[in-house]
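Let's see this in three dimensions:
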Amino acid sequence: MKSIKLIILALILAGYWLSAGSTRAGDEPEEVINYAYSSWIGSGFYKLGDRTVYLLRAPFSYSLRETDTEKWGMDLLLPATIGFQDNDDGNVGTVTFVPGLRLNYPVLDNWWLKPFGQFGFGKDFSGSDIAWIYGVGIKSLATFELKSSELDFGTAFTWADQNQSGGGNDSGFSMIDIGLNARWPTNFTVLERKADLNLYFVYTQFVNDLNFERAEKKNKNIQRLYKFGIALSSADKFPIFGLFDLRGGGLDVTFGDGYFGMGLTTGFPF
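Predicted structure coming up:
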C-alpha cells in the first residue's frame, strides 16, 4: 500500500509541474484536444477523418476491497494514457492521468452494479494549458450460464468533461454503452492461469455528439460507434509489478461514421 501512495504522489507532482510549465491561452482560439475521451477510449490506432491518433492506455487498478456474490468491493482506478496525433504542424504528444474509485455492488448472484468517479489532468507537449478531466458513471454486468459457455450482458452510462486551465473550450460528452460477451473455457494457460476465450460486441451511443476538437472549424462529430473484440481472460487476476491487476488481454476493432480504430483491450469493458 505504501508503494501505491508513492505512485499517486509522484503523478500528482507531475501534474503540478505540467500545469506550472504551461503557457496561458492567447487571444486566438487554440486547438483543443479531447483528452476526456482519450481517457476512456482504450489503447490503439484511430483514424478520424484525415487525422490519425495513437493511444497507449494503461488501465492500472488496485483492489481496495475484494468483491464476490455476497459482499461489495472497491477498486482504486489509476488509468494513464500516452498519445500522439498529427496536425498541420506535425505530431503532438499528450499524456493523461485520471484516477478514481469504483464501487462493485452485487445486486444478485449474477448481477453487479459498478458506479465510479474520476478526476485528473491531460497535457500536450506543445506548451498549451493543462486540461482538468473529470467523469462519473455507472456500469452494470450480468452473467448467465449456458450449456457450454457463459454470456455476459453489460450496460454503462458515462458523463465526462474537461476544462482548459487557461480558459479554453471544453470537450464534454456523455455516452451509453450496451454490450454482449460470449465466454468459453479453453485448455490454454497464461502465466499458469486457465484462460477463457471471449468474443464480444459493444454498441456506443453518444447522448450529445462527441466533438474531438471543438476549436476547429471542421469539427468531427461522432454519434455512435460499433466495437468487436476478442480476448483471453481469467477468473484469477494477473499481477503487474505486484501492484496492479489485469484479468486478460486481446484485440478489438471499432468503427463509426468517419472513425476507425484498432487497439489492445483488457477484455469485455464492463
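
buried stuff in stretch 35-53?
35-44, 46, 48, 51, 53 (16 or more other CB atoms under 10 Å). Where you see a C-beta, it was placed from the backbone N, CA and C, and this is true even at glycine.

Tell me which helix or strand W112 sits in.
Counting by DSSP states H and E, the element that carries W112 is strand 111-124.

Quick check: which ranges of the chain have low pLDDT?
The chain contains residues with pLDDT under 70 at 1-33, 49-50, 87-90, 127-128, 165-171, 191, 209-220, 238-245.

Where do the helices of the chain begin and end?
For the chain, applying DSSP state H gives helices covering 2-20, 35-41.

And the shortest one, what does it pack against?
Other helices and strands packing on helix 35-41, by 3 or more CB pairs under 8 Å, 6 or more residues apart in numbering; DSSP states H and E, are strand 51-65, strand 73-87, strand 90-97, strand 111-124, strand 131-145, strand 150-164.

what about 10 Å?
Packing contacts for helix 35-41, counted by 3 or more CB pairs under 10 Å, 6 or more residues apart in numbering; DSSP states H and E, involve strand 51-65, strand 73-87, strand 90-97, strand 111-124, strand 131-145, strand 150-164, strand 173-190, strand 193-211.

got the buried residues for the fourth one?
Looking back up the chat, that one is strand 111-124. Those would be W112, K114, F116, Q118, G120, F121, G122, K123, D124, for strand 111-124 by 16+ other CB under 10 Å.

And for F260, the neighbour number?
12 (other CB atoms under 10 Å).

List the contacts of it.
Counting by CB atoms under 10 Å, 6 or more residues apart in numbering, F260 makes contact with F45, Y46, K47, L48, V253, T254.

Quick check: I178 touching D152?
No: counting by CB atoms under 10 Å, I178 does not reach D152; the two are 11.9 Å apart.

Give the intersection of the neighbour lists for the two.
With CB under 10 Å, 6+ apart as the test, I178 and D152 both reach F270.

Adding distance to K237 as columns, could you present the helices and strands packed on helix 35-41 in CSV?
As requested, these are exported to CSV (distance: least, CB to CB, whole Å):
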stretch, distance to K237
strand 51-65, 8
strand 73-87, 11
strand 90-97, 22
strand 111-124, 16
strand 131-145, 16
strand 150-164, 17
strand 173-190, 12
strand 193-211, 9
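
Can you tell me which of those strands is nearest to Q223?
The closest of the helices and strands packed on helix 35-41 to Q223 is strand 193-211. By CB to CB, the value is 5.5 Å.

Would you mind pulling up the elements that the closest one packs against?
The helices and strands touching strand 193-211, judged by 3+ CB pairs under 10 Å, 6+ apart, are helix 35-41, strand 150-164, strand 173-190, strand 221-240, strand 244-256, strand 259-265.

Apply 7 Å and report the result again.
For strand 193-211, the packing partners by 3 or more CB pairs under 7 Å, 6 or more residues apart in numbering; DSSP states H and E come out as strand 173-190, strand 221-240.

State the paired neighbours of the first one in the sheet, together with their directions.
When you say that, I think you mean strand 173-190. In the sheet containing strand 173-190, its partner strands are strand 150-164 (antiparallel), strand 193-211 (antiparallel), by DSSP bridges.
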